[in-house]
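# here is my input, please return the structure:
(chains A, B and C, ligands or ions: 4)
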Amino acid sequence: MRKVVKLEGIPLTEGHSGLYLEVEDGIVERGIYYALVPVRGFETLLLGKDSRVAPTITTRICGLCQVTHAIASVRAIEDAAGIEVPPEAEKLREVLGLAVRVYNNLLHQIIISEDLFPEKKEQLGFIREVQEVRKFAGMVLETIGGEIIHSPNVKVGGISEPLEEFVKDKILCRLSDILLKLQASFSLFREKLDDLWKREGLDEEFGKHNLSFFATDPYYGKKIDFERFSFVLPQEILEAGLKRRASNLFPVIDGKPFETGPRARAVLFRGYKPKGGVKELHLLRAQENLDALKRIGEILESGRFDGELWNRKTPSSDGETLGIGVHEAPRGTNVHAVKIDKSGKIIYYKIVVPTEINFFAVSEALRGVPATKVEFIVRAYDPCIVCAAH
Amino acid sequence: MVGLNRRFLIGDFRGAFVVEGKGKNPIESIFRLMIKHKFIDGLLTCSKTGDSPKLILKSDEVELPSRNTCFGVNSLLKRAIQKYRFSRLAVYAPACTFDGLNKTQYFGIGCNWTKTAISLKVGFLCPGLLTENGFTAEVSDITGKPGKVERFYFDRGELFYLLEDGSSVKVSPSIHHHYINSACRYCLNMAAKGTDITCVSLKEEDKVLFIVRSERGWSTLAHLQKVSPGEVLFRKADGELLTSVENFLREKILLNIADIVERVELGLPVPKWNDNKLRKFYRIWNSVDVNFEEEVF
Amino acid sequence: MFYRDRLSFEEEDFKLKVGFLHFSSCSGCQVAFLDMFEEAVEILDTVELVYSNMLTKRRDIPRMDVAFVEGALCVEDPHHINLLREVGKKAKVIVAIGGCAAFGGVRRLSCGNQLPQPQSQTFVPVTEVEFLRTKVKYAIPGCPPNPSLLYSFLLALLEVNEDFLLPFELMTSSTKASGFDIISEVVNKGFCVGCGTCSTACPTRAISFNRECGKPSFNSNLCVHCGSCLAACPQSFKPYPQPVYV
Ligand code: SF4
Ligand code: SF4
Ligand code: SF4
Ligand code: SF4
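Ligands and ions are numbered 1, 2, ... in the order given. Reported below is the predicted structural model:
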């Protein structure tokens, strides 16, 4: 029997989103995943504003992976205005990005912990352990970025505050301890994930799709050609009622849907052979935490960051050059594109966030899974709906 | 009615001492020792001239504002606590800075986890703050020519400035009241009641009156004497000294109260979200039997 | 306080039922709760979290004692209108948490005209909604509020510490906030003592300190209308009696 199922509000995910499913005998034949939180208009509200305030505003797109928007935003403006950034500032930005990766990925583990731990007591115990690592990531964000959520120190031209050696040492001396904690919680996570898969009767290939992967860098982000993006409107592909409510665009790259995120980074930069299925996505995301922490240590040990890290040149451009800023966010490639005029005002702004790119990936992954289990697919992608409907 | 007694003017305290620093400023010596012996990990205050807030990390860099100007101290709170991650911070500033600090501690507003990061609050008896231009105008008013103020101190219940040229000028409360920062004209807490210790600078540069208020202030000083005896000498302050401080405060606060009364009677505005402490004070000031102890202004 | 009505007979079993709801927000305020780190776990253990799409599996909104609401209401969004009705019905007390919910926050800048739903352009903080007037008891400033503020607030709520809560009650009556408050409400009124607390409180560093004058200096470009600065200023409200931490 064929029927259409519409789910609204996916518990244990960020934001308000929905699923449109065409189900045949309990199996999803076709599904579309979309955002339902209202568009806030970050692309339009920036028009006419001084480009130097963009990071302050764009970081407020999202409270989960805040700094990634600030970073993508400043990189786009620097690209448009040809501003040189001190290399140490770029390194610290990378550290901030990695800290938020850990901070956010572990938040995701907390969010889905109700799935993993049927016992409330065990769940709280797990959260407590994960929180310790998050606290460390929060400390990195706070000392280098200025605040845990919405870092004010990420500026066009660099980082506004140098990192004194003794502060850096405070971070470094806790790092190995935290790594051990993270390893322990990773093992527990893996174990509980296996249990969940067993409990729910899911197989290893649950949620497999054939899309290609998209990422620009294992850690930080490399400039890409913005022309490769085009956007499908929800009005083009959704049915009547949803047309007027779905609030995200569906970006495609070279006309094709892609998956971005931890698995994409693993496949493209670490030679990982994907098994398909969403379980490995959970594990690869958790693996990235460990890699990120190690990388933070490497970067901080590689040099000094206590000099001037901020090129205060006033941004100015010709109004034509499209500046592109890319950052590898926890969920995948985050791209901001900007044009600014001679006086430094923003005259064009466009944001493509990873969750947007992954809407089609989630939709593809839904194909062929039991309609009762679709939420596990969505959760595995850790969608950030507020970002998607920026 | 509020009695302008010692309790209201100076506030509660456990003991008062004249502290001698053997030729050096004893408060500076104490902070130096505290940093050296790791009682504190940083000192938040202003530069010597008082014109910029400063976070001091090393004992040989300790220098405190010597004039009655000390603005913007709390603007470095986030750097101290959120960035440098200090957990045993000492603060040296006038009372109102501690109002801000106590508030961030109590409510948690403004800076993350300030509550657990401060280990000593040292306030100074504050006759009202001036900007650089304020000093120039005030000194010119008194002496007829501009002069640079080096330090302020109290002697026998009067406020004095020591000028750069070595001369001392007596500053009458009414002239001072004219030139100080506006908010200081409504101040009811010049003796820094919400602190661990209040310091009163005295004529001799190496002597300071310590009014020790809290258990924490008391034990810190005791502990310090144990680890380095003889660096600073404590002598119990005599009643006369305290009375003279009290007299100064009384004279100045009467001017403040007159301004508050006028302000309330004219219905001049107060900030939003304010619970209107001035009107509260006005009511208490004019009533017979309200017990002021419930309110600390 | 009224959510404690039931307390009279079942003192021991009383667990405050709290929920998180969000309108147009970045979710940062909800995440800030978790940024109390270990303390967040204790709180999760002490109160009963009955609703949060991020942390519970519930789809429908149950009755609750306190609803923490973040974000501004998007008038064009039918889901928000429903949510508004629901929360008005289901919550005994609403706490507007963060600049967006309390004073409009960064949503004050929105102007619509963005695909795919260009009509989304009207955003109002929940404190401005007449329908919730009697329910919105407290507003918490910040973008996001400090975890330590949220922690102290929750404790005060559990202990019904009226002294602590009063200023947050006052804040619900002012639906606007910005760094200009510091100038108009404090400096212009002759109350600025020059302590610098506002400058440290600003999450965007929009307030610097003018050393010459000993006063804060406000750069409106960077302001996200969160209300932290005035809330932190010792001349807005103060804790009474003054606490001494020993
Ligand atoms: S007189 Fe009062 S308000 Fe003015 S600086 Fe001194 S303590 Fe602060
Ligand atoms: S107040 Fe700030 S942190 Fe909170 S939802 Fe709004 S933008 Fe996000
Ligand atoms: S100036 Fe800063 S603290 Fe004040 S409302 Fe604006 S963003 Fe918030
Ligand atoms: S916080 Fe301090 S510096 Fe800022 S306005 Fe208030 S009194 Fe002035």
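# going forward, measure contacts and count neighbours with C-alpha atoms only.
OK.
# return the helix or strand in chain B with minimum mean pLDDT.
Here the helix or strand of chain B ranked lowest by mean pLDDT, DSSP states H and E is helix B:277-286, holding a mean of 84.
# pLDDT below threshold where in chain C?
C:1-13, C:240-246 (pLDDT under 70).
# count of residues packed around the residue in it positioned nearest to chain A?
Taking CA to the nearest CA, chain A has its nearest neighbour within chain C at C:G28, 3.5 Å off. For C:G28, the neighbour count with other CA atoms under 10 Å in any protein chain shown is 25.
# count of neighbours near C:T200?
27.
# OK, contacts around it?
B:N74, B:S75, B:L76, B:L77, B:K78, B:G110, B:C111 (CA atoms under 8 Å, 6 or more residues apart in numbering or on different chains).
# neighbour-wise, give me the winner out of those residues.
B:G110 (34 neighbours).
# list the buried residues for the least confident helix or strand of chain B?
B:K277, B:L278, B:R279, B:F281, B:Y282, B:I284, B:W285 (16 or more other CA atoms under 10 Å in any protein chain shown).
# please save the CA atoms from it in PDB.
Output of helix B:277-286 as PDB, limited to C-alpha atoms (Å, rounded to 0.1, in the frame of the first residue of the first chain):
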ATOM      1  CA  LYS B 277      17.800  53.700  45.500                       C
ATOM      2  CA  LEU B 278      17.900  57.400  45.700                       C
ATOM      3  CA  ARG B 279      14.200  57.600  46.400                       C
ATOM      4  CA  LYS B 280      14.500  54.800  48.800                       C
ATOM      5  CA  PHE B 281      17.200  56.700  50.600                       C
ATOM      6  CA  TYR B 282      15.200  59.800  50.500                       C
ATOM      7  CA  ARG B 283      12.300  58.100  52.300                       C
ATOM      8  CA  ILE B 284      14.600  56.700  54.900                       C
ATOM      9  CA  TRP B 285      16.400  60.000  55.400                       C
ATOM     10  CA  ASN B 286      13.000  61.700  56.000                       C
END
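# and that helix, anywhere near chain C?
No: Helix B:277-286 lies out of reach of chain C by CA under 8 Å from any CA of the partner chain, never closer than 8.6 Å.
# how far does that helix sit from its chain's centre?
23 Å (CA atoms, centre = their mean, to the nearest Å).
# packing partners of it?
helix B:239-266 (3 or more CA pairs under 8 Å, 6 or more residues apart in numbering or on different chains; DSSP states H and E).
# got the buried residues for the helix it packs on?
Going by 16+ other CA under 10 Å, helix B:239-266 has these buried residues: B:241-242, B:244-253, B:255-257, B:260-261, B:263-264.
# Provide the count of other residues in contact range of the residue in chain C positioned nearest to ligand 1.
Nearest to ligand 1 in chain C, going by CA to the nearest ligand atom, is C:V193, at a distance of 5.3 Å. Residues within reach of C:V193, counting by other CA under 10 Å, total 30.
# gap between B:K48 and B:K24?
In this view, B:K48 and B:K24 are 15 Å apart by CA to CA, to the nearest Å.
# who has more neighbours, those two?
B:K48 (19 against 14).
# can I take it that the more buried one is in a strand?
No: B:K48 is assigned coil when assessed by DSSP: H, G, I helix; E, B strand; the rest coil, not a strand.
# for the nearest residue to it once chain neighbours are set aside, what are its contacts?
Nearest non-adjacent residue to B:K48, counting by CA to CA, 6 or more residues apart in numbering or on different chains: B:P65, 3.9 Å away. By CA under 8 Å, 6+ apart, the contact set of B:P65 is B:T45, B:C46, B:S47, B:K48, B:T49, B:G50.
# let's have these in CSV, adding pLDDT and distance to ligand 1.
Formatted as CSV, the contacts of B:P65 follow (pLDDT from 0 to 100; distance: CA to the nearest ligand atom, whole Å):
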residue, pLDDT, distance to ligand 1
B:T45, 97, 13
B:C46, 95, 13
B:S47, 94, 16
B:K48, 92, 16
B:T49, 89, 15
B:G50, 87, 12
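# next, give me the two most distant ones among these.
Taking CA to CA as the measure, those span a maximum distance of 11.2 Å, between B:T45 and B:T49.
# mind listing what's buried in stretch C:64-79?
Going by 16+ other CA under 10 Å, stretch C:64-79 has these buried residues: C:64-75, C:77, C:79.
# now these as CSV including distance to chain B and secondary structure?
Shown next, in CSV, are the buried residues of stretch C:64-79 (distance: CA to the nearest CA, whole Å; DSSP: H, G, I helix; E, B strand; the rest coil):
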residue, distance to chain B, secondary structure
C:M64, 25, strand
C:D65, 22, strand
C:V66, 19, strand
C:A67, 20, strand
C:F68, 18, strand
C:V69, 19, strand
C:E70, 18, strand
C:G71, 19, coil
C:A72, 21, strand
C:L73, 24, strand
C:C74, 27, strand
C:V75, 28, coil
C:D77, 32, coil
C:H79, 33, helix
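# what subset of those residues is also close to chain A?
Near chain A, by the rule CA under 8 Å from any CA, you find C:C74, C:D77 out of the buried residues of stretch C:64-79.
# tabulate the buried residues of stretch C:64-79 (TSV), appending distance to A:N105.
What follows is the buried residues of stretch C:64-79, written out as TSV (distance: CA to CA, whole Å):
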residue	distance to A:N105
C:M64	29
C:D65	31
C:V66	29
C:A67	26
C:F68	24
C:V69	24
C:E70	22
C:G71	23
C:A72	27
C:L73	28
C:C74	29
C:V75	33
C:D77	30
C:H79	28
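# check which helix or strand covers the residue of chain C most remote from its centre.
Going by CA atoms, centre = their mean, the residue of chain C most distant from its centre is C:E212, 34.0 Å out. When elements are assigned from DSSP states H and E, C:E212 belongs to no helix and no strand.
# show me the residues around the residue most central in space within chain B that make contact.
Nearest to the centroid of the C-alpha atoms of chain B, with distances taken as CA atoms, centre = their mean, sits B:F124, at 2.6 Å. B:F124 is in contact with B:Y92, B:A93, B:P94, B:A95, B:A191, B:A192, B:T198, B:C199, B:V200, B:S201, counting by CA under 8 Å, 6+ apart.
# adding secondary structure, pLDDT and distance to C:S184, write those out as CSV.
As requested, the contacts of B:F124 are exported to CSV (DSSP: H, G, I helix; E, B strand; the rest coil; pLDDT from 0 to 100; distance: CA to CA, whole Å):
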residue, secondary structure, pLDDT, distance to C:S184
B:Y92, strand, 97, 29
B:A93, strand, 96, 25
B:P94, coil, 96, 24
B:A95, helix, 93, 23
B:A191, coil, 93, 28
B:A192, coil, 91, 27
B:T198, strand, 96, 32
B:C199, strand, 96, 34
B:V200, strand, 96, 34
B:S201, strand, 95, 35
